[in-house]
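Enquirer: Starting from these lines, generate the structure:
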Amino acid sequence: MESAIHILRTVERDGEVAVSGLPYRRGQKVEMILRRYPARTVTHPGLTARQLLRSRLVGFWADRTDIRSSIAFARKLRRTASRRNRP
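Expert: Modelled structure (predicted):
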């Protein structure tokens, strides 16, 4: 069984969704399942780069002696976070 292709499109005209560039040929049968994408609400707009640099977040862990490599530490945090919700 082939893997699915996930395409996110915005409806530009009522009742129509345009999709092109698919890896299929004339005569092949495909199944399309459409669902409305949930509206995304922004509760906090985030920080600009300037705001982030002025915040106390940059250098927050600068005095920690247990972190020898910030790159390795950040990589470990990302790996742990990506596995958090897996069974």
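Enquirer: pLDDT wise, what is residue 64 at?
Expert: Residue 64 carries a pLDDT value of 86.
Enquirer: neighbours of it, just the number please.
Expert: The number of residues packed near residue 64 is 10, by other Cβ atoms under 10 Å. Every C-beta, even on glycine, is put in place using the N, C-alpha and C of the backbone.
Enquirer: residue contacts, it?
Expert: By Cβ atoms under 8 Å, 6 or more residues apart in numbering, the contact set of residue 64 is empty.
Enquirer: could you redo the last one with a cut-off of 10 Å?
Expert: Contacts for residue 64 were tallied using Cβ atoms under 10 Å, 6 or more residues apart in numbering; they are 70, 73.
Enquirer: same deal with the one 10 residues further on?
Expert: For residue 74, the set of contacting residues under the criterion of Cβ under 10 Å, 6+ apart consists of residue 67.
Enquirer: any idea of the mean pLDDT for stretch 38-46?
Expert: If you average the pLDDT values across stretch 38-46, you get 77.
Enquirer: pLDDT wise, what is the residue located most distally from the centre of the chain at?
Expert: Largest separation from the mean C-alpha position in the chain: residue 27, at 34.2 Å (Cα atoms, centre = their mean). On the pLDDT scale, residue 27 is placed at 96.
Enquirer: Distance check, residue 84 against residue 69.
Expert: 22 Å (Cβ to Cβ, to the nearest Å).
Enquirer: Between the two, which has more neighbouring residues?
Expert: For residue 84 and residue 69, the more surrounded residue by other Cβ under 10 Å is residue 69, and the numbers stand at 9 against 6.
Enquirer: As a check, name the ranges of all helices in this protein.
Expert: 49-54, 70-83 (DSSP state H).
Enquirer: Not counting sequence-adjacent ones, nearest residue to residue 22?
Expert: Nearest non-adjacent residue to residue 22, counting by Cβ to Cβ, 6 or more residues apart in numbering: residue 5, 7.2 Å away.
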